[in-house]
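[1] When you get a sec, could you give me coordinates for this:
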Amino acid sequence: MRLVSNLDQLCARGFDARTALLSPRLRRDALGMTTPLLVEDDEQPPTWLVRHQERGAIEVSTLAEANVVYHDPYMTLNAERDRVEPSLSAAVEKLAGGQAVEVDPDLILARFDAIAERVTLRIRESEPSIRAVAEGTHTLDTQTLDTQTVEQRFRELLNQIRPAAQKLVAASEDLAPLGPLMDEWTSDTRFADLEELLAQRGADALLATSPINTEELLGKPSATYAGAIYARNSGEVRLFSADPLPALRASRARRILVEENDLPIGIAAALRSEGFTLDYGSDAIAKWRERRDYQYLPALIIVTAASRYALDEAITWARDQISTRAAITERDVQHKYLQYARRFAKSIGVEGVINEFFSNCHAGTRTLHPCLAAPYDLDLGTTSLKLDAGLAVVVDGVTLATSDVARTYLGSDEATGVYEAFQKIVRETIADQLRPGVVFADLHGHVLERIRSERSLLSSAGLWPSGIDLDTRYAMRNVGHLMGRQESFSSEFRVGEAEQLRIGDYGACEIQWPFGNHAIGAEEMWILTPTGPILLTK
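    Here you go, the predicted model:
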């Protein structure tokens, strides 16, 4: 039995996860944790192992008729639940039936470790690589940049868009408190904070392999390089276009902080054979990035303003088209949304800077699972259309900010009333609850309490989920998160999360309500300033 993880090989077998699925667009620091694996066995038909979250995408893809096993349950509020394996490792164990399994050398380290706890694994011999590098973009294998050059590069990138952000602040009473902060929040602490992190972990260096963290260390487009290395007290970043070993040897580091959610097992095995100790740091590295979002304030202002405008206009357009019985599809709405985003960018003088980050666009009558838009017809029978989407501010190929905002069209007055109640809960939670020191888990509890207070409204609309324990079911997901140049999967408002809010935090607060044939999302973005939270997307 063999597990195929290589994305090009999966594409050759008929499925391109990079274009068909939503999650790979969200996880710029963990692409290989989101993509399917293909199980090949001489005695069994091929089986695809897919995260349950992607069910809506799979049902309209080339895998619609394939043998698919879903793993890692996604929360819906229906009493009846899909048959889903609790984890990827459990799914592999069941299929392996006690036999050893061969894996590709580019299977991600964290996935390899989890599966290896249940199944004997053998790494297939081949030349491992961290990820595809843009062909012909760089000829040297290793270069160095001093940290001051990197910090100056980020200042220059932000200064290109600062005038546009200042205009937006000047035109909005709600954003006025951000004006002085654009002058005060100008320090770049990426390397000072990284030094502190490495000291806390007892690590000699950070090996960044994901696109988002490579950019964070270089101030250069990540497609140009395979990764970057920062050694403690070195004052420089070593960047490499293929093999990290020469740069690591030159750094004289021995204990390396690595991204286990991105690093291939083939590279990890090679590092260990050279005597390096690997310290798993994906979550810690994400938090290092997320807690500095405020230092990109001009980009945050622009990306949230663009999202607010584009989403509100797109949902209004969809409502108008449906009400006049015009022939439109989910993809038409997504296309219109991106048109509005480009229009907004042009209107503030940053044409080409605002780009798509991800677009989760689907009708509740098609699926309750988040997915990309499909050529699915929308009409007066459409119960809901959720547009939960993010934009990115990208300057000279470097991502400076992303957004994550949700708006929903509802097909009935009763359901619209529920959606408006959800919006009110989200916005009041931001205004009343977000303060320094507030525990993330407490925010989850607060939102659930507010939802329960609206039970009568939801019941009258037929949208209260009977037959389930709401607290237990909703504990499967968050009610918000920080950002960090992508949606955070390490700093979430969820049950058991003891992390606390800080001044400067930037993120989202949300309610997702996938129930019956309604997929409802209400989500807003905020930033926590010294004088309190500011709702950025109302």
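[2] Torsion angles phi and psi at Lys336?
    Main-chain torsions, Lys336, degrees, to the nearest 10: phi -70, psi -40.
[3] Touching, it and Ile315? I think so.
    No: using Cβ atoms under 8 Å as the test, Lys336 is too far from Ile315 to be in contact (9.6 Å). All C-beta atoms are positioned from the backbone trio N, CA, C, and that covers glycine.
[4] Mind pulling up the pLDDT for Ile130?
    Looking at Ile130, its pLDDT is 53.
[5] Could you measure from Glu259 over to Asp283?
    Look at Glu259 and Asp283: by Cβ to Cβ, to the nearest Å, they are 10 Å apart.
[6] Ok, Phe191 next?
    Distance, Phe191 to Asp283, using Cβ to Cβ: 20 Å.
[7] neighbour-wise, which of those two wins?
    Ranked by neighbour count (other Cβ atoms under 10 Å), Phe191 and Asp283 place Phe191 first, with 18 against 15.
[8] Check whether that one really touches Thr149, as I assumed.
    No: Phe191 is beyond contact range of Thr149, at 11.3 Å (criterion: Cβ under 8 Å).
[9] Can you give me the domain assignment for the protein?
    Split into domains by the TED database, the chain comes to 2-123, 188-290, 292-535.
[10] closest to Asn159 out of these?
    domain 292-535 (8.3 Å; Cβ to Cβ).
[11] tell me the average confidence for that closest one?
    The predicted model assigns domain 292-535 a mean pLDDT of 98.
[12] any chance of the domains of the chain in JSON lines, plus distance to Val169?
    Shown next, in JSON lines, are the domains of the chain (distance: least, Cβ to Cβ, whole Å):
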{"stretch": "domain 2-123", "distance to Val169": "28"}
{"stretch": "domain 188-290", "distance to Val169": "21"}
{"stretch": "domain 292-535", "distance to Val169": "6"}
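[13] Of those, which is nearest Ala170?
    Evaluated over the domains of the chain, closeness to Ala170 peaks at domain 292-535, with 11.0 Å, by Cβ to Cβ.
[14] tell me how far that closest one is from the chain's mean position?
    Chain-centre distance of domain 292-535: 13 Å, with Cα atoms, centre = their mean, to the nearest Å.
[15] how long is it end to end?
    Terminal residues of domain 292-535 are spaced 19 Å apart (Cα to Cα, to the nearest Å).
[16] quick one: contacts for Ala341?
    Contacts for Ala341 (Cβ atoms under 8 Å, 6 or more residues apart in numbering) come out as Ala306, Ser307, Tyr309, Ala310, Ile354, Glu356, Leu391.
[17] so who does the nearest residue to it once chain neighbours are set aside touch?
    Leaving out its chain neighbours, the residue that sits closest to Ala341 by Cβ to Cβ, 6 or more residues apart in numbering is Ala310, at 4.1 Å. Residues counted as contacts of Ala310 (Cβ under 8 Å, 6+ apart) are Tyr337, Leu338, Tyr340, Ala341, Phe344, Leu391.
[18] Count the residues that sit near the nearest residue to the first one once chain neighbours are set aside.
    Spatial nearest neighbour of Tyr337, chain neighbours left out: Ala314 (3.7 Å); criterion: Cβ to Cβ, 6+ apart. Ala314 sits with 27 neighbouring residues when counted by other Cβ under 10 Å.
[19] Could you list the buried residues of the strand or helix carrying Ala314?
    Using DSSP states H and E, Ala314 falls within helix 297-323. For helix 297-323, a neighbour-count test (16 or more other Cβ atoms under 10 Å) marks 297-315, 317-318, 321-322 as buried.
[20] next helix or strand past it?
    Using DSSP H and E, the helix or strand that directly follows helix 297-323 along the chain is strand 328-329.
[21] Which other helices and strands does that next one contact?
    Secondary-structure packing of strand 328-329 (3 or more Cβ pairs under 8 Å, 6 or more residues apart in numbering; DSSP states H and E): helix 297-323, strand 377-378.
[22] Out of these, flag the one nearest Leu168.
    helix 297-323 (5.2 Å).
[23] what's the neighbour count on Ser456?
    Other residues lying near Ser456 total 9 when counted by other Cβ under 10 Å.
[24] That one belongs to a strand?
    No: according to DSSP: H, G, I helix; E, B strand; the rest coil, the state of Ser456 is helix, so it is not within a strand.
[25] Please report how far it lies from Leu463.
    Counting by Cβ to Cβ, the gap from Ser456 to Leu463 is 11 Å.
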